[in-house]
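*Asks:* sequence plus predicted model, see below.
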Amino acid sequence: MYAMLIGVAALWGAATGLLVPRAAYRFSVPPGDPWRDACPAGHPLTGAALAWSTGTRPELAAWLVLAPVAVLLASIDHRVHRLPDGLTLPAAGASAVLLGLAALLPEHAGSWLSALLGGLVLGAFYFLLFLVNPRGMGFGDVKLALSLGTVLGWYGWPVVFAGGFAGFLFGAVYGAGLVALRRADRKTGIPFGPFMIAGAFLGLVFGGLAA
């Protein structure tokens, strides 16, 4: 049963991965430009790893629904340094609703209240960073933090801290690598969304294993 669940999650990741490139190309435009509508190639998703760490608990359904959106946002931000409101805001609402439904089912391993507070706290933290240095932290990152804090908060505050810290660590390593290779300087802006998402994914995996 467990192996079958991982297999189904992997198939889900592969199937939705085929849809992500077209959507990424459509949304990867500067503000004010019309959406585009075609893109080749494909991108891998993280469904199998999430299924492995979460098992048969009901929150897995939320992770698998949100994972393609996260990959799409990371792809768009990497391409055009932009996190569209049309994706970040629905993702924040969907994460709260999906986890609220999961909390009503037996054998769940998280707390809906903790998830909501996690979204508010991480969002507030990124908003503070935005106010302090708007050139270094975009408002799209603030809105993305709402959904990431919600999913991390499902497993508690240590997971919120670990996932949030991992995102900053990944971003710092990437930035330091660019500086070392002389492809950027300390003032060069980098898309931070992919690192936020990667950190949240790592936090979810460890949170699911520890729950």
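*Replies:* The structure has been received and is ready for your questions. Numbers count the residues shown, from 1 in each chain.
*Asks:* CA atoms only: put stretch 117-127 into CSV for me.
*Replies:* Presented in CSV, the C-alpha positions along stretch 117-127 are these (Å, rounded to 0.1, in the frame of the first residue of the first chain):
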residue,chain,number,x,y,z
LEU,A,117,-0.4,31.3,12.5
GLY,A,118,2.7,30.0,10.6
GLY,A,119,1.4,31.7,7.5
LEU,A,120,0.8,35.0,9.3
VAL,A,121,4.1,35.0,11.1
LEU,A,122,6.2,34.1,8.1
GLY,A,123,4.3,36.6,5.9
ALA,A,124,4.8,39.3,8.5
PHE,A,125,8.5,38.5,8.7
TYR,A,126,8.9,38.8,5.0
PHE,A,127,6.9,42.0,5.0
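*Asks:* what mean pLDDT does it get?
*Replies:* Throughout stretch 117-127, pLDDT has a mean value of 97.
*Asks:* buried set for that stretch?
*Replies:* The neighbour-count check on stretch 117-127 (16 or more other C-beta atoms under 10 Å) flags 117-119, 121-123, 126-127 as buried. From N, CA and C alone the C-beta is placed, and that goes for glycine too.
*Asks:* nearest to residue 150 among those residues?
*Replies:* Minimum distance to residue 150 across these is 3.5 Å, recorded for residue 119 (C-beta to C-beta).
*Asks:* what helix or strand is the closest residue to that closest one other than its chain neighbours on?
*Replies:* Counting by C-beta to C-beta, 6 or more residues apart in numbering, residue 119 lies nearest to residue 150, which is 3.5 Å off, once chain neighbours are set aside. Residue 150 belongs to helix 139-153 when assigned by DSSP states H and E.
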